[in-house]
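Undergrad: Show me how the following folds:
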Amino acid sequence: MKKISIPKIIIYIFLVLMAVLYLAPLLWVFNVSFKTNAEIFTAPFALPQAPTFENFTFAWTAGKLGIATLNSFLVCVITLALSMIIGSMAAFGIARLRWKFAKLSLTYFLLGMMIPVHCVMIPLFTRFAKVHLTNSLIGLVLPYLTFALPVTIFIMVGFFEGMPNELIESACIDGATIYQIFFRVCLPLGKTGLFVTGLMTFIANWNELLLAMVFISDDLKKTLPVSLSKFVGPYNTNYSQMFAAIIIAIVPTIIVYCAFSNQIVDGLTAGAVKG
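TA: Next comes the predicted model:
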């Protein structure tokens, strides 16, 4: 029988504690979402005496989470597709093409990572109001895409730079065009980087609240985080319905993490080695 060293035991204990620390609040929210408000205040940590799905029904219908979920999904998917296509193309041009301003272009894109959204919110709103992009989903896609591109380009540049030159040289000898090299050689090899950047973009935009709250005023166009804020009132808050709405909101992110966890780990590992 193999003997486990003390450092490994300490590491395992630490990992178990971290897992409990992160999972406990999620499990508690899931538990209280089946309770009434009275049960939450009288026995917040006990199991529900009579589990009810009325909280989920009310949150989905009265809270209009159905249309809000659809709006968030459309905005996130469109932003994700555009950021992956445009970002990977820009990263390929910076990493693999030889031109004078490649490094300067990368620095220019990376400056976008240093600008917080609060600094540009007022100029964005005034400009979008002039061209009638406020109160529309396109008005959310554009700033989401703008803030997603710097991270996508930064990560994908590392992947493209780590690819063997022999592959690209072989493709050139075989007569492949620059577009064929990108779509048939480099992009398939960089799919792990796309998984990482895609997940980061999806999660960030799915949970984004500030721009969506400022730019959208029509209830039928509001995204999921904005709809969740309606469950908290200035004088009264229905906690059981609010927790049910939170569970509905986080289910897609959990599904994405579970479905692509292996690809995400591989992508982060590969990016770290290539960097």
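Undergrad: Could you use CA atoms for every contact and neighbour count after this?
TA: Fine.
Undergrad: Any stretches of the stretch 101-250 of the chain with poor pLDDT?
TA: Confidence mapping of the stretch 101-250 of the chain against pLDDT under 70 gives the ranges 233-236.
Undergrad: Please, where are all the helices along it?
TA: Taking DSSP state H, counting those that start in this stretch as the test, the helices found in the stretch 101-250 of the chain are 102-110, 117-130, 138-161, 165-173, 178-180, 187-189, 191-206, 210-215, 224-229, 239-259.
Undergrad: Which one of those helices lies nearest to Thr52?
TA: Ranking the helices of the stretch 101-250 of the chain by their distance to Thr52 (criterion: C-alpha to C-alpha) puts helix 239-259 first, at 10.2 Å.
Undergrad: ok, back up a step: so which of the helices of the stretch 101-250 of the chain is nearest Thr42?
TA: Of all these, helix 239-259 sits nearest to Thr42, with 13.0 Å by C-alpha to C-alpha.
Undergrad: Just put the helices of the stretch 101-250 of the chain in JSON lines and tack on distance to Val29.
TA: Below are these laid out as JSON lines (distance: least, C-alpha to C-alpha, whole Å):
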{"stretch": "helix 102-110", "distance to Val29": "38"}
{"stretch": "helix 117-130", "distance to Val29": "30"}
{"stretch": "helix 138-161", "distance to Val29": "29"}
{"stretch": "helix 165-173", "distance to Val29": "51"}
{"stretch": "helix 178-180", "distance to Val29": "49"}
{"stretch": "helix 187-189", "distance to Val29": "40"}
{"stretch": "helix 191-206", "distance to Val29": "19"}
{"stretch": "helix 210-215", "distance to Val29": "24"}
{"stretch": "helix 224-229", "distance to Val29": "14"}
{"stretch": "helix 239-259", "distance to Val29": "6"}
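Undergrad: Make JSON lines from those helices and add mean neighbour count and distance to Ala38 to it.
TA: Output for the helices of the stretch 101-250 of the chain, formatted as JSON lines (neighbours: other C-alpha atoms under 10 Å; distance: least, C-alpha to C-alpha, whole Å):
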{"stretch": "helix 102-110", "mean neighbour count": "15", "distance to Ala38": "51"}
{"stretch": "helix 117-130", "mean neighbour count": "13", "distance to Ala38": "39"}
{"stretch": "helix 138-161", "mean neighbour count": "22", "distance to Ala38": "39"}
{"stretch": "helix 165-173", "mean neighbour count": "13", "distance to Ala38": "66"}
{"stretch": "helix 178-180", "mean neighbour count": "13", "distance to Ala38": "63"}
{"stretch": "helix 187-189", "mean neighbour count": "16", "distance to Ala38": "54"}
{"stretch": "helix 191-206", "mean neighbour count": "22", "distance to Ala38": "31"}
{"stretch": "helix 210-215", "mean neighbour count": "18", "distance to Ala38": "31"}
{"stretch": "helix 224-229", "mean neighbour count": "22", "distance to Ala38": "21"}
{"stretch": "helix 239-259", "mean neighbour count": "17", "distance to Ala38": "9"}
